[in-house]
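*Asks:* got a structure for you, letters missing:
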């Protein structure tokens, strides 16, 4: 149970645990009033505390709440404390080593602690002594004992809200470092992704074995950061260079209070990619970093309204805040968002001006859900939109944005919905609007004279893999991009459609991402900027990002996926988009008739299979109608004839 202080003048739970606050002995009405006034100053996540408080208020006559001081007078402090305000104290569960969560309930004895749970810094215990005015002898009563009926306050009344089956129940969990899923303590490998409990993916990236524990020497994060800082002063004098945008301050953006499990958009995403690139000798090494800066307010105003800018800036004065239930911010989030947007802006300007050939923005928080006014979907500022705006300022007349994140980039589409200078193409799960964020149907093509400059390729199901993506590229993305002829190309590279991602549940491999990147390099004279968006499986996101960066460095994709055969669902989606977009892009007309014939052939084959399945499998011999089995023959013949008539109605 986490209790947050609502009023700075009220007592904190830390004071409650340490003995810093004691309620004096008062008369029952006054005690109830004082206890009620104290409780309403807290917001409780766990209803159990409220239930117990009400139980005490209704059953106690005259009571005294006493607290014992911990040893040496130490009071547990939270790592997120700010301006001497206590943010939270964990009572119902604590996070131990290796990201584990331990929750235990023990039945105490009279005069002993009712529950004892470990904390990061110190053990915290709350001992409550209930003093009765009745003829019963005074004794110490724990909350568990009260609910276990060891102390019967009212024999005629039962509490059915919480009746533990056993006197000792212990639930031990650990969260997978790779996919954040919860696992029971007895498991060594994640039950979802198979990653080892002590995986070294944050130290060596996807090169670390998923099946064996990390046996290497500990490498401090500061060592890697220092290497990055030293490499920032290296000049990239060649126009064939590949730039990397990264700043360690973006790691400070994280959810302050963990909910049921770690938030999927977490700092480890960047750590895993950086570790993979360092282990492979790609960065620092073959790529060149640029110095980071925070985006300015006038630059943000080119894509966002003041409502978005001021709302994000306001979070720097709060310890924790939420734009939506899944879009968090802490006091460092506004700076991280401005750094991410600033890096994307500078990368776009440097690449378009010819200072470098291409680049990869290793940034967070992501941005393609952030619209004109609102932050949502883990996104605060729209990094791709800022980069497109910066390229236009540098002289680009036509910008192509290809978004292969598994979620539709509703924010990017909203920003450029009425613009002909930016062509937005998105490949995403849609499922008739049932998949987040619900936008991005094929008929959403732009507005106010910019129809056709928004191309949505909405998958109708999950599990979409390389073949469907490459097929859509060949028949939709590449023909439209060739006809559009962009001056600058941006990829909103979310890797949550990758195999093993817990949110996307699709099947794109690193080879598939490399192939799509290779295809897009042929446009804009190779002026290409890849911006990190989603992706929440560390092994998938790091291997996919490394494969994309290798293509940016000039390497050819490992697998040849030029000729692919799509799934039927992928073929239907591709054909649906072609029929809509052909009104704006005449080059698509040639593909429609060919794909339609393929789909018709498949449908005809399916009908043939269905007919074969519906054919009667049992035929009565003719001689039965003249022998002793003539009654059975009539029964079978009538049933078969009726089935035949029903079958003929569908032909």
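*Replies:* All right, it came through fine. Source: prediction; values computed, not measured.

*Asks:* contacting residues for residue 191?
*Replies:* 181, 183, 184 (Cβ atoms under 8 Å, 6 or more residues apart in numbering). The way it works is simple: take the backbone N, C-alpha and C, and place the C-beta from them, glycine included.

*Asks:* low-confidence ranges in the stretch 101-250 of the chain?
*Replies:* Judged by pLDDT under 70, the stretch 101-250 of the chain has its weakly predicted residues at 101-172, 216-239.

*Asks:* What's the ChimeraX syntax to select whichever of the contacts of residue 191 are buried?
*Replies:* This is how ChimeraX selects the buried members of those, with burial counted by 16 or more other Cβ atoms under 10 Å:
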select :181,183
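
*Asks:* just the contacts of residue 191 now: which is nearest residue 454?
*Replies:* Nearest to residue 454 among those is residue 181, at 35.2 Å by Cβ to Cβ.

*Asks:* Correct me if wrong: that closest one contacts residue 195.
*Replies:* No: Residue 181 lies out of contact with residue 195 (Cβ atoms under 8 Å); the separation is 9.3 Å.

*Asks:* What count of nearby residues applies to the closest residue to residue 595 other than its chain neighbours?
*Replies:* Nearest residue to residue 595, sequence neighbours excluded (Cβ to Cβ, 6 or more residues apart in numbering): residue 575, at 5.0 Å. Using other Cβ atoms under 10 Å, residue 575 has 18 neighbouring residues.

*Asks:* got the buried residues for the top helix by length along the chain?
*Replies:* Scanning the chain for the helix with the most residues, using DSSP state H, yields helix 589-614. Residues of helix 589-614 classed as buried: 591, 595 (neighbour count, 16+ other Cβ under 10 Å).

*Asks:* what helices or strands is it leaning on?
*Replies:* helix 568-581, helix 630-649 (3 or more Cβ pairs under 8 Å, 6 or more residues apart in numbering; DSSP states H and E).

*Asks:* And the pLDDT for residue 259?
*Replies:* Note for residue 259: predicted pLDDT of 82.

*Asks:* My error: substitute residue 514 in the last question.
*Replies:* Reading off the model, residue 514 has pLDDT 96.

*Asks:* Residue 633 too?
*Replies:* Note on residue 633: pLDDT of 75.

*Asks:* Once you drop chain neighbours, what's closest to it?
*Replies:* Using Cβ to Cβ, 6+ apart, the nearest residue to residue 633 is residue 624, at 3.8 Å.

*Asks:* Surely the one you found and residue 635 touch.
*Replies:* No: using Cβ under 8 Å, residue 624 makes no contact with residue 635, being 10.3 Å away.

*Asks:* Name the residue in those two with the higher neighbour count.
*Replies:* Neighbour count, other Cβ under 10 Å: between residue 624 and residue 635, residue 624 has more, with 16 against 12.

*Asks:* Quick one: the helices in the stretch 351-500 of the chain, in order.
*Replies:* Secondary structure of the stretch 351-500 of the chain by DSSP state H, counting those that start in this stretch: the helices cover 383-394, 410-415, 466-472, 478-484.

*Asks:* Can you check which of those gets nearest to residue 203?
*Replies:* Judging the helices of the stretch 351-500 of the chain by Cβ to Cβ, what sits closest to residue 203 is helix 383-394, at 27.6 Å.

*Asks:* circling back: least reliable of the helices and strands packed on helix 589-614 by average pLDDT, please.
*Replies:* Looking at the helices and strands packed on helix 589-614, the weakest mean confidence is helix 630-649, a mean of 60.

*Asks:* so where's the protein uncertain?
*Replies:* 1-172, 216-239, 561-562, 611-620, 638-651.

*Asks:* at 90 instead, please
*Replies:* Across the chain, the ranges flagged by pLDDT under 90 are 1-173, 185-186, 214-240, 257-261, 284-285, 557-565, 590-591, 593-594, 597-598, 600-651.

*Asks:* unless I'm mixing things up, residue 589 is touching residue 583, no?
*Replies:* No: taking contacts as Cβ under 8 Å, residue 589 lies outside contact range of residue 583: 9.8 Å.
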